Every structure is written in C-alpha cells, then in structure tokens.
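Student: My questions are about this predicted structure, shown below with the sequence.
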Amino acid sequence: MPQSSLQRCERCNKLKRVLYNVGGMRICSDCVRGIAFYKVFLEGFRDPRLRGDVITIGMDIGNLTWFNPFAQAWYYPILIWMYFRDMGWKLSVEDLKARWRYKTPLDRVLKVYVEEGVFRVVEENGKHVIVEGDALKEMLNKYSDRPDAMDIVGSWVTGLMISRLHSEPDAPDFRAVHAIIEVIGGKYIDPEGNIKAKPYPKIAGYRCNICGTFLPYKEDAKKHVAMVHKIPTDEVIGYLQEEHTTIGYLVEVSDLKQGLERNGVQPERFFDRVERFAVLIHEDPDEPRIVEHDGVRYLVVDPAWFRVLARVRIYERELLRGRERT
C-alpha cells in the first residue's frame, strides 16, 4: 500500500487507512474500541447483568498485567489501602509518597483514582487522608458480607484502571489485553453485538417431560421418571430432555497467536498465564480448556469476555455513528 494512503492516528500514533473524528481527535477504529471498552467497564459494575462479568475480566486483566512495571504503579494504591484498612490504620497521601518507587508520578495515579470515584482525599490533622470514593463505597456495600470481598474489589479496581488507560491518548498499550479485545471483538462479535463464535455447551441436567421437574444428575432423573410416573425402566430415557448451559465460546488458537504477535506479545508467555492463572478461559474444572475439531484447536473462552465485548461493539458503533471518516 502506498505510504500516502496511510494516515497517522492522533491517539496511538500508528499509520491507519481510516480515521474518525472523535472528541476532536482523528483516531483509528482500534482506539475507538479501547474507549468503548473503558466506558462499558466503567458502567458495567452498576449493571447487575454485567457486574459479575466485569469483575471476572478484572481478575483476568490483573493476572495478565501483574508483572508489567507500569501496571504495578496503578495497582499499588488500592493494594496498600486495603492493607491499611485491614490493619485498622488510615492511609494518607504522605504515606503513599514515602513508599512510592514507580516512574509514573503518584499525582497522576491518584488523580485517576479520584476521578473514577475509587478514592477521595480529605484533610485530617494536617494530613491528606485517603478514604473511599463513591464508587468504592458502593462496591464495599454490595460485597462486604462476603469473605472474598477484598479480592472482588481489588479485581474491579485493577480492571477499571487498565480499562481507563485504554482510553488515554498518552498511555502505553497493555498489549495482551489489546490483543484479546482486537481478536474477540473484531472477528467473533459483529458490530451489532451478535456473537459469531460457536458455543461450547455442557449438560446442565435433565428435565422430566411429564411434570417439568429438573434434576442435575441422569440417574436421579431416570429414577424420578420410573418411580414417580411409573414408567417402565426401559422407556424412561424417552421422557427426559437434556438441558445445556454454555460454559464458553470457541476461539481459534491460531487467531489468538496471530493477534498476540501483531501486538508484540509472545504467545508462549500468554498461554503460560492461561495455564497458570486460568486467564480468559471458562471456570469449569471438569471441562477442557482447549478442544480440537477437524484439526483446528480452539480455546474455550469464558462467556464473560463475550458478553462484555458484545456491549463494547454496540457502544463502539454508537461512537462511530455519524462520525466523519478521513
């Protein structure tokens, strides 16, 4: 392609064929998707249908980016705040400054925490004490009765921080996260939010065709039909209907590898995280993480990613509607 047919995105600085005027910037479709991802993540924790998915993705993002030195600067405030809270202490900005060992300025990190409603800073006895912002307070109220409340809150905050940085024009890419969004959102979900990937079903149980009773185990269901409805043993199967649940969607391993390589991520390192931390994959311990059909290998991806990215594609389409293409 001739160099003259390419234009430089004002957000990611990459050469692209098509740019869109969004918020006064001429940006590419990948950057638009990054902005949409942040907006959906931000709003998702207040949507009961997406809240659990957002937390699941937050855990995956944390596991993918944990060893990234830039990411650790954005995780540290919530981790040290939770530690101080457990100890019954108050964390101050002065405490954070004394412990800060990251290149990213603390002021910039705290500014985002405050803007997102995670923290508020109040003056108390001559110190700037960090307390819960409205969003963090809401999450604590919703999950405070659970033993894993702090794990959930920490996952939500880390995911929110990284998704927010996806919308920042001057923030570095978290390349593995970007690759997932690019591959799944670009190939396996259409612009209307319809999932094109094949579902991976699992038998959830059996329903009696006579009375509608649902039983999770086949032998119990057969016994129910035989004993309750007096059906002969050799006929009971005819009165049972299998019910399935989708535990994941199939994404070609080769598609993921190509997407990772395009974004400068070593596939071996990524799939090591998949194996060690169950990143991206479904949570059923009895089902395989990778399956093969007709010689093609597929990763069975957690439906949470598809539900969130389906909403991202819809929001992305709304952002681009009526926008000038250049």
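Tutor: That came in fine, so what should we check first? Residues are numbered from 1 along each chain as shown.
Student: Surely Tyr38 is in contact with Ile162?
Tutor: No. With contact defined as C-beta atoms under 8 Å, Tyr38 does not reach Ile162; the gap is 9.1 Å. The way it works is simple: take the backbone N, C-alpha and C, and place the C-beta from them, glycine included.
Student: These two: which has the busier surroundings?
Tutor: Ile162 (26 against 20; other C-beta atoms under 10 Å).
Student: In the protein, where's the longest strand?
Tutor: strand 240-252 (DSSP state E).
Student: Common neighbours of Tyr38 and Ile162, please.
Tutor: Common contact partners of Tyr38 and Ile162 (C-beta atoms under 8 Å, 6 or more residues apart in numbering): none.
Student: The longest strand of the chain: how far from the chain's middle?
Tutor: Counting by C-alpha atoms, centre = their mean, to the nearest Å, strand 240-252 is centred 21 Å from the centre of its parent chain.
Student: and if you look at stretch 100-116?
Tutor: 22 Å.
Student: Alpha carbons of it, as PDB, please.
Tutor: Extracted in PDB, the C-alpha atoms of stretch 100-116 (Å, rounded to 0.1, in the frame of the first residue of the first chain):
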ATOM      1  CA  TRP A 100       6.300   5.300  46.100                       C
ATOM      2  CA  ARG A 101       9.000   3.600  43.900                       C
ATOM      3  CA  TYR A 102       7.500   3.900  40.500                       C
ATOM      4  CA  LYS A 103       8.300   6.000  37.400                       C
ATOM      5  CA  THR A 104       4.700   7.000  36.900                       C
ATOM      6  CA  PRO A 105       4.000  10.100  39.100                       C
ATOM      7  CA  LEU A 106       1.900   9.400  42.100                       C
ATOM      8  CA  ASP A 107      -0.100  12.600  41.500                       C
ATOM      9  CA  ARG A 108      -1.200  11.300  38.100                       C
ATOM     10  CA  VAL A 109      -2.300   7.900  39.500                       C
ATOM     11  CA  LEU A 110      -4.200   9.400  42.400                       C
ATOM     12  CA  LYS A 111      -5.900  11.900  40.100                       C
ATOM     13  CA  VAL A 112      -7.400   9.000  38.100                       C
ATOM     14  CA  TYR A 113      -8.400   7.100  41.300                       C
ATOM     15  CA  VAL A 114     -10.200  10.300  42.500                       C
ATOM     16  CA  GLU A 115     -11.800  10.900  39.100                       C
ATOM     17  CA  GLU A 116     -13.100   7.300  38.900                       C
END
